[in-house]
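Enquirer: Quick one: sequence plus predicted model below, questions after.
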Amino acid sequence: MRWLRFVVLVACFAGIASLSLYPLLIEPASRIPGANILTDYYHFHWNYWWIRHAASIGLNIYETNAVLAPFTSSLALHTLTPFWYPLWALPEPLLGTISAMTLVFIVALTLNGTVLYAFLRSRSITNGWALAGGILFMLAPQIQIAVFWTNLNLLGWFWLPALMLVWDQIVRIQRGEGAKGQRTWFWVAVLGTTVWAMVLTDIQYPLFAAFVVLPYALWTIWQADEPRKMLHLITYGLSAGAIGLALLWIAGPLPYLLKYDRAGLSSTPIERAVEIPFPQDFLS
């Protein structure tokens, strides 16, 4: 029954995601996200073409001379977002890149709703309120705007509650509440892998996690009733971070981020930055 409820729940979120994107589903040959303005919606389509092209002929996906030939450009700071690539690459030969990208949208929205629902339920929020929270989260303006611009990198907000869910498993085991046979280091490895996958979605997410996940983790550590348990939790957290960094070094952008030459970068002057009047526009 638990699995049946889970399947029904995921189907519910997937149905709501499909309804919110119905124009893309009923007219896939003529509809793309956005408005009647020139946008760079094809940016991520190029990303995934490039990943497939590079992988098929043995090129490095984080360095290319296809931008300003014959010079080699680094894509370490580019929003490459390889996390969603497999989901696009599998249906794309059959459906085409537009429909494959729409599938990514639906799965992303479904994950946002489902994972937040699971986190709220784990914090003893009632089923109805958790369902409402998941729906509000998956249809949040930030996520809708990300779909509007085909910003796949900004569709992965589910990583924040996912990190807290996995961390909670470690805390429960440390408190002696975990199921028999569960091993703490297994969940530490899962946490590190989740960090790795999150950064493969976008290198901005560690900044967001610092303001959400880190305070949550510190709060749970503070609640530990013994200094020994607090030390263990800190060790597990640091170990998960180390696993994530190791994975990013082996299969990620970390080596190219570290050797990226920032000397030639020209930052936008502050007087040209987008102005947001305070406080009225911060509220709206």
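Expert: Here it is on my side, so go on. Residues are numbered from 1 along each chain as shown.
Enquirer: Now Asn153: closest residue in space that isn't a chain neighbour?
Expert: Spatial nearest neighbour of Asn153, chain neighbours left out: Asp202 (3.8 Å); criterion: Cβ to Cβ, 6 or more residues apart in numbering. To be clear about C-beta, it is placed using only N, CA and C from the backbone, and glycine gets the same treatment.
Enquirer: Check which residues of the one helix or strand Leu4 maps to are buried.
Expert: Using DSSP states H and E, Leu4 maps to helix 2-20. For helix 2-20, burial by neighbour count (16 or more other Cβ atoms under 10 Å) applies to 9, 12-14, 16-18, 20.
Enquirer: For Asp281, give me the pLDDT.
Expert: We have a pLDDT of 88 for Asp281.
Enquirer: so what's it up against?
Expert: Neighbour list for Asp281: empty [criterion: Cβ atoms under 8 Å, 6 or more residues apart in numbering].
Enquirer: Against Val274, how distant is it?
Expert: Using Cβ to Cβ, to the nearest Å, Asp281 is found at 10 Å from Val274.
Enquirer: just Ala217 next, same as before
Expert: Distance from Ala217 to Val274, by Cβ to Cβ: 33 Å.
Enquirer: what's the distance between the helix holding Leu4 and the middle of its chain?
Expert: 20 Å (Cα atoms, centre = their mean, to the nearest Å).
Enquirer: What's the first helix or strand after the lengthiest helix in the chain?
Expert: For the chain, the helix with the greatest residue count under DSSP state H is helix 97-122. Note on helix 97-122: by DSSP H and E, the next helix or strand toward the C-terminus is helix 127-138.
Enquirer: How far away from the center of its chain is that following helix?
Expert: Distance, stretch centre to chain centre, for helix 127-138: 19 Å (Cα atoms, centre = their mean).
Enquirer: Which residues does that helix contact?
Expert: By Cβ under 8 Å, 6+ apart, the residues outside helix 127-138 that reach it are 9, 12-13, 16-17, 109-110, 112-114, 116-117, 120-121, 125, 143, 157.
Enquirer: Which of those residues are buried? Put it as a ChimeraX command.
Expert: This is how ChimeraX selects the buried members of those, with burial counted by 16+ other Cβ under 10 Å:
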select :9,12,13,16,17,109,110,112,113,114,116,117,120,121,143,157
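Enquirer: So which bits of stretch 78-97 are buried?
Expert: 78-85, 87-88, 91-92, 97.
Enquirer: If you could redo that for stretch 241-257, that was the one I meant.
Expert: 243-245, 247-248, 252-254, 256-257.
Enquirer: Of these, which pair is most distant in space?
Expert: Using Cβ to Cβ, the two most remote members of the buried residues of stretch 241-257 are Ile243 and Tyr256, lying 19.8 Å apart.
Enquirer: low-scoring pLDDT stretches of the stretch 51-200 of the chain, where are they?
Expert: Within the stretch 51-200 of the chain, the ranges that satisfy pLDDT under 70 run 177-182.
Enquirer: so Ile170, which of the three states?
Expert: helix (DSSP: H, G, I helix; E, B strand; the rest coil).
Enquirer: tell me the helices in the chain, going along the chain?
Expert: 2-20, 22-26, 43-56, 85-89, 92-95, 97-122, 127-138, 141-148, 159-174, 184-201, 205-222, 227-250, 254-258, 280-283.
Enquirer: What is the neighbour count of Arg172?
Expert: The criterion is other Cβ atoms under 10 Å. On that basis, Arg172 has 17 neighbouring residues.
Enquirer: nearest residue to the spatially most central residue of the chain other than its sequence neighbours?
Expert: Central residue of the chain (Cα atoms, centre = their mean): Gly156, 2.8 Å from the mean position. Distance criterion Cβ to Cβ, 6+ apart; nearest residue to Gly156, sequence neighbours excluded, is Thr201 at 4.0 Å.
Enquirer: tell me the pLDDT at that neighbour?
Expert: At Thr201, pLDDT is 97.
Enquirer: and Ala69, how many neighbours does it have?
Expert: The burial count for Ala69: 9, using other Cβ under 10 Å.
Enquirer: For it, give its distance to Lys229.
Expert: 57 Å.
Enquirer: Ala210 too?
Expert: If you go by Cβ to Cβ, the gap between Ala210 and Lys229 works out to 24 Å.
Enquirer: more neighbours, these two?
Expert: Lys229 (16 against 10).
Enquirer: show me what contacts the closest residue to the more buried one other than its chain neighbours?
Expert: Closest residue to Lys229 apart from its sequence neighbours, by Cβ to Cβ, 6+ apart: Gln174 at 5.5 Å. Counting by Cβ under 8 Å, 6+ apart, Gln174 touches 184, 224, 229, 232-233, 236.
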